[in-house]
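Novice: sharing a model that was predicted from the sequence below.
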Amino acid sequence: AAQDLEREMEEVKCSFHNKSLALQRIQLMVALRNKMNQNDNDSRLIIDTVKHIAELSMAVIEHQKQAREKEQKLIDVKRRRLSLKKAGGQKLLQIHSTVKEQKAEQAATKVSETLENMYNNLQKERDMTTIIQNIFQSIIIGSRVNWAEDPSLKAIVLQLEKNVY
């Protein structure tokens, strides 16, 4: 209950203060209006001061408007910068994936070249082995040795007849 009373007392004080400020402003405006209607030197000074205050107020309003426009432009630039940053990141990821694909293709090409070289070398070795087998057969046949009776020569000749492929 005491807190409620304190809160109400604070609200009443605040309300009284606001109302007294409003009353003072009204009284000041009435006094100024009466003084301006007198057409003397002081009233001209008051009118000039009021006009100057009005001009300054208009200048402040114009500058605030320009400041808001520049803030909006700044926000637009920041948004564009952010979108460009995102686009740049996506392009960077795309470049990285392209580079990875190219490396994979190069690796596959190297593997296929290596396999092709190995196959060509194997083919050459087979051809050379076939030629050597034919030379040995020709030597054995040309020497007119009866290779069918000698078991070691028979094994060699039969081994030479096997197809290398």
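Specialist: Here it is on my side, so go on.
Novice: make it CA atoms for all contacts and neighbour counts henceforth
Specialist: Fine.
Novice: separation between Met118 and Lys91?
Specialist: With distances taken as C-alpha to C-alpha, to the nearest Å, Met118 is found 40 Å from Lys91.
Novice: same check, this time on Thr130
Specialist: Distance from Thr130 to Lys91, counting by C-alpha to C-alpha: 58 Å.
Novice: of those two, who's got more company?
Specialist: Thr130 (18 against 12; other C-alpha atoms under 10 Å).
Novice: over to the more buried one: give its phi and psi.
Specialist: According to degrees, to the nearest 10, the main-chain angles of Thr130 amount to phi -60, psi -40.
Novice: let me know the pLDDT of it.
Specialist: For Thr130, the pLDDT comes out at 83.
Novice: what do you get for the one 4 residues further on?
Specialist: Confidence per residue is given as pLDDT, and for Asn134 that number is 82.
Novice: can you check the one 4 residues further on too?
Specialist: pLDDT for Ser138: 82.
Novice: what's around it, how many residues?
Specialist: Neighbourhood size, Ser138 [other C-alpha under 10 Å]: 12.
Novice: can you tell me the element it falls in?
Specialist: Secondary structure from DSSP states H and E places Ser138 in helix 41-142.
Novice: I'd like the next helix or strand past that helix.
Specialist: helix 151-160.
Novice: shaky segments in the protein?
Specialist: 161-165 (pLDDT under 70).
Novice: repeat that with 80
Specialist: Across the chain, the ranges flagged by pLDDT under 80 are 35-44, 46-47, 136-137, 140-141, 144-148, 150, 153-165.
Novice: tell me, how many residues neighbour the nearest residue to Ile140 once chain neighbours are set aside?
Specialist: Ranked by C-alpha to C-alpha, 6 or more residues apart in numbering and with sequence neighbours excluded, the top spatial neighbour of Ile140 is Trp147, at 7.6 Å. The tally of other residues near Trp147 (other C-alpha under 10 Å) stands at 17.
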